[in-house]
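S.K.: Okay, here's the prediction I keep looking at, along with the sequence it came from:
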Amino acid sequence: MPVDLISQSARRSQEDGTVQIDSEIHCALTGRPLRPDEAYWAPPLVTVGTLVSTIWKTLTTTPGSLGEILMSEQPNVAYAPESRQELARRRSTEQIKLLGLLLLIAAALIIPIIILMR
């Protein structure tokens, strides 16, 4: 995931929080063109599929950089103000998927141990 997730040429300055625009900004969810003053800046939406794929690729190619990839701060992307509810809904859905996947993995590890102990 060390890919620059800001497709448009907009950067948020770390020092003063201002946005520097080199071209037109588009909503990361809807693709709608935005003015810099109306954009809602937030981290990108990471899906469970993207997360699992990135972890797998990193583990198979450069396992030493896994911690850096998982813990590094992602650059903010622009969203349309009216898409905040949709973004929140999608983030919640992805969190539920991740929780379900983790519970499934835990069950796959724990159930055989319990069966063998009987």
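M.R.: That came in fine, so what should we check first?
S.K.: So Arg118 versus Ile111, what's the distance?
M.R.: Here Arg118 is placed at a distance of 12 Å from Ile111 (Cβ to Cβ, to the nearest Å). Heads up, the C-betas are built off the backbone N, CA and C, glycines and all.
S.K.: what's around the spatially closest residue to Arg84 that is not a sequence neighbour, how many residues?
M.R.: Excluding the flanking residues, the one nearest Arg84 by Cβ to Cβ, 6 or more residues apart in numbering is Tyr40, at 6.2 Å. In terms of burial, Tyr40 registers 17 neighbours under the definition other Cβ atoms under 10 Å.
S.K.: now swap in Val77 and tell me
M.R.: Val77 is flanked by 23 other residues according to other Cβ under 10 Å.
S.K.: Before we go further, Gly31 is sitting in a helix, right?
M.R.: No - under the criterion used here (DSSP: H, G, I helix; E, B strand; the rest coil), Gly31 is coil, not part of a helix.
S.K.: Can you classify Gly64 by secondary structure?
M.R.: Put simply, Gly64 is helix when judged by three-state DSSP.
S.K.: typed the wrong thing, it's Pro112
M.R.: Here Pro112 is helix, with the state taken from three-state DSSP.
S.K.: Tell me how far it lies from Leu103.
M.R.: Plainly put, Pro112 is 16 Å away from Leu103 if you go by Cβ to Cβ.
S.K.: how many other residues sit next to Ala28?
M.R.: 24.
S.K.: ok now do it, which residues does it touch?
M.R.: Neighbour list for Ala28: Ser7, Pro44, Leu45, Val77, Ala78, Tyr79 [criterion: Cβ atoms under 8 Å, 6 or more residues apart in numbering].
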